[in-house]
Every structure is written in structure tokens, then in C-alpha cells.
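Undergrad: Here is my input; please provide its structure:
(one chain, ligands or ions: 1)
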Amino acid sequence: EHMKYKDPKQKLGVRIKDLMKRMTLEEKIGQMTQIERKVASADVMKKYFIGSLLSGGGSVPKPNASAEDWVNMVNEFQKGALKTRLGIPMIYGIDAVHGHNNVYKATIFPHNVGLGVTRDPNLVKRIGAATALEVRATGIQYAFSPCLAICRNPRWGRCYESYSEDVNIVRSMTEIIPGLQGDVPANMSKGVPFVDGKKKVVACAKHFVADGGTVNGIDENNTVIDSQGLFSIHMPAYYDSVIKGVATVMASYSSLNGERMHANTHLLTGFLKERLNFRGFVISDWEGINRITNPANSNYTYSVQASVMAGVDMIMVPENYTDFIGNLTFLVKNNFVPMSRIDDAVKRILRVKFVMGLFEDPMADLSLAKYLGCQEHRELAREAVRKSLVLLKNGKKPDQPLLPLPKKARRILVAGTHAENLGYQCGGWTIQWQGVPGNNLTIGTTISKAIMNTVDPSTEVVYQQNPVLVESSQFDYAIVVVGEPPYAEMYGDSSNLTILDPGPSIIKNVCGIVKCVVVVISGRPIVIEPYVEKMDALVAAWLPGTEGQGVADVLFGDYGFTGKLARTWFKRVDQLPMNVGDPHYDPLFPFGFGLTTQPT
Ligand SMILES: OC[C@@H]1[C@@H](O)[C@H](O)[C@@H](O)c2nc(CNc3ccccc3)cn21
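TA: Prediction:
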């Protein structure tokens, strides 16, 4: 008999209603279940009616997997899902948060901390579109991006995932959503998810809400804030995201005034779904429901009930899916969770899957593989690197600027722990969850290679990571690249924010003797004040990603410095938190600061 839900000519509401009335409780709960690829198989997809899969950070089909390896893996799982009675396709999610960063050879863009500096929403939209192409090249249809955190304390290990401490910069960067998903057609009603087919992906505004405002920047901790602060600082970017048709929102691990966001009915349902009219689905974070209780995992049945009742629609379990399914089934059968809540969650999930065309095109192919790491995307990333750099000092005297550096010199020194380290310049969430130090993780251009590519062929470039005895007569100038090692989430929480050793001594050994520019590779402002007077010049480069050429483009004057700080650069850590607009504001370099140079 004609199954209306399979007919793309039918209206969205008709397809959802027709499918819903056919579904059993088991099939409905399966749609609400997202599992990690490591515990999945075609059989598991079929047997448990699983609606979604994910790759956690670093979870790949095989080391240095090709686009074809990814497409084949995703398609195998999809075949399992399509073998179910109703043949509802699964959706596969991954953290593509600065390009398709888990994937070997993908273009790695600057992390958000650098993109906020560009103050260029159109650039960020283009990055979204490029990222969508590279994600679809691997058969994946869903990116857990953008992070809309307003990081208010650089002690937070995820501060580099935040575009800025300033809500207006973060609001402007929600332009990445139409980049990832496509532009919402003018006649679409506000709040309805919109994804424009096979070259676009489902996006995910995260982590709802106030993830960047926790006490002392402690990851997954408690944000203490009044309503005025919440709705003027941490919420506005979600308003913009819903207007721009974002298809999913991820709940935050953190608590708001002592209440876990994963159990916050007032904000997940009352505000996001009812007040803002968000019609996509809310997804939990990884074991986010387990952490509702203190200690975590101490009452999983309660975790399931509290999160689903609060308005979480899809649960990123992601491993013990039989526990999740069993508990939610028990809760529904015993009326602790009404079927109306299950139906609302499943309708939202189906709405996204219908709107994006997943029922019509559930299988991936290799037609987009050519976009993975393509030269055009690398040039876009290089442009983003250039615009993300901030010139904080240029010359010990105003009339003696050091930058732009002359390409033609007798002999120059390139030094520092971060000059020849692709993994350091990419940062966390790159190939592995915590990032990968060294130069074997993926394809890209280190800063030292970029320098060598740029200088005049007659210029001798000496690379010494940690030069011990430097003579001033040996070099015309030095470029010293130092900063932070890669980190992600709580592994990046820091109370001292120091430069990785032996960075400080490299600065002292080199800059005391040779004219030097120091380039800082970091996910946030770090302690630099004690060393500034020794330097002739200072550049904040954040986490530029694979296209290090962008750093050399500006150091040597092919392009001018244009970046302005999107974060306050403190003098001392004990001043924190200290953000633009605070009554006691005594920064080393204030929000909005940045020197400029002209292209030569
Ligand atoms: O990778 C999936 C999500 C990601 O989208 C979220 O932004 C992030 O909060 C996130 N964290 C994990 C894993 N977190 C974790 C923390 C401690 C131990 C084990 C896992 C997974 N994810």
C-alpha cells in the first residue's frame, strides 16, 4: 500500500505523521539513540533500530583512512538501518569543528579563537561551506559545530573553541550555520530546521547554554549568573542560530546556578523549544545524561528520565545503548515518561531527516571525494590564518618597526618549540581528541617551512628549535615561535597559563641578542608580560591549523596585519576573569587592540 512517508512529493507534516503512526515504541526509542561507531555494526543498527551514529574524537575506520574508507564504513552502517521494517535512514555525526579535523588530509582551519579575530562573518560562512563539502566527501551528514561558547575565563580548556569573550562577535559568527547547512529560503517560517541537500550538513549549536561561563573556567562545572547576564551574554547566539535554521542544539555538560543543563526543562523546553520556537532536535553530549547525577552514573534510570523529560531528544549514549534503551522502555511502559514526550522527540528527529533529504539519498558516494583537503580550501584556510593574526608589538621604538620583515637578508634564525610542529599549530581536536604533537599527523605547512618558502632564495635560513649560544653578528633577525601544547576539554584547564618550556628561555636566549619577532601559538591569551620588553615584535597566531603559509604571508609583508584582539590579553593570571566592559579592566593588551602594517 502507498507509504506516504516515502513520497518526497508529500508535505513534510504528512510524511512525519504517516511514519509516526506506523512506528512501534521500540522503533521510536531507536531513533532517539546515538551510538559510537566502535560499538556499532549493520546488525546492531537493524536489531535496535538505531537512528544515529557518531565518531568521537579520533574514532576513525583505520589510521590515515581515505575518503573511500569513510564512505564504505558509513554505507555499511546505513545498509543495516535501511534493512529495518520501516527503512528509516541513520544520520552519522562527527566533530568537524575546524575543518573535518578527525580525517587525514582534511583542511584544518584556524580554531574559533582565531576566527573571532577576523571579524569576517562571510569568511566564516565560506569556511562552513568548505567544511560541509569535506564532511560529505567522507559520507558523513552531521557536524557537531559550531561551538557558540562565550569563553569568559581563558583558564577554560575549551576557550579556543569559543570565537570571543564578546557576545556580538559570537553572534556574527553564527553565519557559519548557513555555510554548513545552506541559506534558509525567505519564505521559511522561523525555527524550522533547514539543510540544503547533499553538499550541506546538519549543524549543531553547542553547548546550550553558558558553557563558557563556569566558575574559574573549570570544564563541565557550574555557571553562576543572573538572568540579565545569561540573556545578554550566553543566550543571544542561540537566538541567531534558530533564526538561521540550525537543525540541532547540543546540551552543555555544565550546570546553570547549580542545575545540570541536561536536566534543565525551563531552558531546553520552555525557552529554546517554546519561546524561540526551535523545531529541530536537542542532542545530549557524550554521556551527558550520566553526569546529571553526582557522582556521575549513580542513577542511570533517573538520568534517562530527567534528561528526556527536560527536552533532550537524541541521546549520545554512546556505548551502553542496551542500558539506555532498556531504561527508557521501562520508563515509558510504567508512565514515568509519557508517550507524548517520546513522540515529540521522534518527530523532531524525523523532521531533520526528512528536511535534509536523507530518505531520498541515504547512501553516500565518492562524487565529493575530490574536495577533501583540496587546494581551494587550503587557500581559504590560508586567508583565514592571515586575518586571524594580531600584531601586539612592532619595534622597541615607534619609529623602528621590525615588521614586515625583509625577505632578502644575509642570514636569519628560526627558533622555538612551535616553529616546526604541525600538531602544535593545529591544537586539540585534530586527528586525535587531544591533538597530536609532531609532523606526521596529517598534510600541512609548518611555520618554518612557510618562512623558507617565502624568503629570497639568497637568504640563509637557520632552524634551531632551542639555540643555546646565539651571537648577534650571526643573524639579521630571528623568528621565535613558542606557545602551548595541544589539549581538549578538561585536559586544557589551566590555572597558570604559562608558555610551554623551554619557550621562555628560548625568548631570553634569542631576543636578548638578535632582533626578534615572537609568534605565540596558543588557544588563548597566556603569560607573556615578563618577556615583552625583550622582544622587538610580538604576534598572536592562536591555533592556525595546517596552512602555516598564512603566517609567513603577513610576517614578510605580502599582506598587512589587520587582526584585532577578540579576547582581552591579561597582565597576570590573578586578574582573571577579566573581560571587556568589566569595571576593573587593566589588561596588557585590551580587547580590540591590534597594530597594522601595509603590504609591501
Ligand atoms: O565528540 C562528541 C562530543 C563533542 O561534540 C562535544 O563538544 C564534547 O563536549 C564531547 N566530549 C566528548 C567526550 N568527553 C569525554 C570527557 C571525559 C571522558 C570521556 C569523554 C564527546 N564530545
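
Undergrad: Up against the ligand, what does the stretch 301-450 of the chain have?
TA: Among all residues of the stretch 301-450 of the chain, none is adjacent to the ligand (criterion: Cβ under 6 Å from any ligand atom). Backbone N, C-alpha and C define where each C-beta goes, glycine included.

Undergrad: 8 Å instead?
TA: 316, 433 (Cβ under 8 Å from any ligand atom).

Undergrad: What of the stretch 151-300 of the chain?
TA: Within the stretch 151-300 of the chain, the positions adjacent to the ligand are 158, 161, 204, 206, 207, 220, 250, 253, 285, 286, 287, 288 by Cβ under 8 Å from any ligand atom.

Undergrad: Of those residues, which belong to strands?
TA: Among these, the members found in strands (DSSP state E) are 204, 206, 207, 250.

Undergrad: TSV please, covering those residues and showing pLDDT, distance to residue 34 and neighbour count.
TA: Below are those laid out as TSV (pLDDT from 0 to 100; distance: Cβ to Cβ, whole Å; neighbours: other Cβ atoms under 10 Å):
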residue	pLDDT	distance to residue 34	neighbour count
204	99	12	30
206	99	14	25
207	98	16	25
250	99	11	26
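
Undergrad: How many neighbouring residues does residue 3 have?
TA: Applying other Cβ atoms under 10 Å, we find 13 residues neighbouring residue 3.

Undergrad: returning to what we had before: of all the residues of the stretch 151-300 of the chain next to the ligand, which two lie farthest apart?
TA: Within those, 161 and 287 form the most distant pair, 18.9 Å apart (Cβ to Cβ).

Undergrad: ok, the two, which is more surrounded?
TA: Higher neighbour count among residue 161 and residue 287: residue 161, with 30 against 18, using other Cβ under 10 Å.

Undergrad: Any idea which residue of the stretch 251-400 of the chain lies closest to the ligand?
TA: residue 286 (3.3 Å; Cβ to the nearest ligand atom).

Undergrad: Quick check, pLDDT for that residue.
TA: pLDDT, residue 286: 99.

Undergrad: what do you get for residue 358?
TA: 98.

Undergrad: burial count for it?
TA: Residues near residue 358, counting by other Cβ under 10 Å, number 21.

Undergrad: if I pick it, what's in contact with it?
TA: Listed by Cβ atoms under 8 Å, 6 or more residues apart in numbering, the contact partners of residue 358 are 89, 91, 141.

Undergrad: From residue 475, how far out is the residue of the stretch 101-250 of the chain found nearest the ligand?
TA: Residue nearest to the ligand within the stretch 101-250 of the chain (Cβ to the nearest ligand atom): residue 144, separated by 3.6 Å. Distance of residue 144 to residue 475, computed by Cβ to Cβ, to the nearest Å: 45 Å.

Undergrad: Tell me how many other residues crowd residue 76.
TA: Residue 76 is flanked by 14 other residues according to other Cβ under 10 Å.

Undergrad: so what pLDDT did the residue lying closest to it once chain neighbours are set aside get?
TA: Leaving aside its chain neighbours, residue 76 sits nearest to residue 42 (5.6 Å; criterion: Cβ to Cβ, 6 or more residues apart in numbering). We have a pLDDT of 98 for residue 42.

Undergrad: Touching, residue 42 and residue 83? I think so.
TA: Yes: Residue 42 lies in contact with residue 83 (Cβ atoms under 8 Å); the separation is 7.4 Å.

Undergrad: measure residue 165 to residue 65 for me?
TA: As defined by Cβ to Cβ, residue 165 lies at a distance of 37 Å from residue 65.

Undergrad: Hmm, I typed the wrong one, I wanted residue 51.
TA: 24 Å.

Undergrad: which of the two has more neighbours?
TA: The residue with more neighbours, out of residue 51 and residue 65, is residue 51; 26 against 18, by other Cβ under 10 Å.

Undergrad: so where is the stretch 451-600 of the chain shaky, pLDDT-wise?
TA: For the stretch 451-600 of the chain, no stretch has pLDDT under 70.
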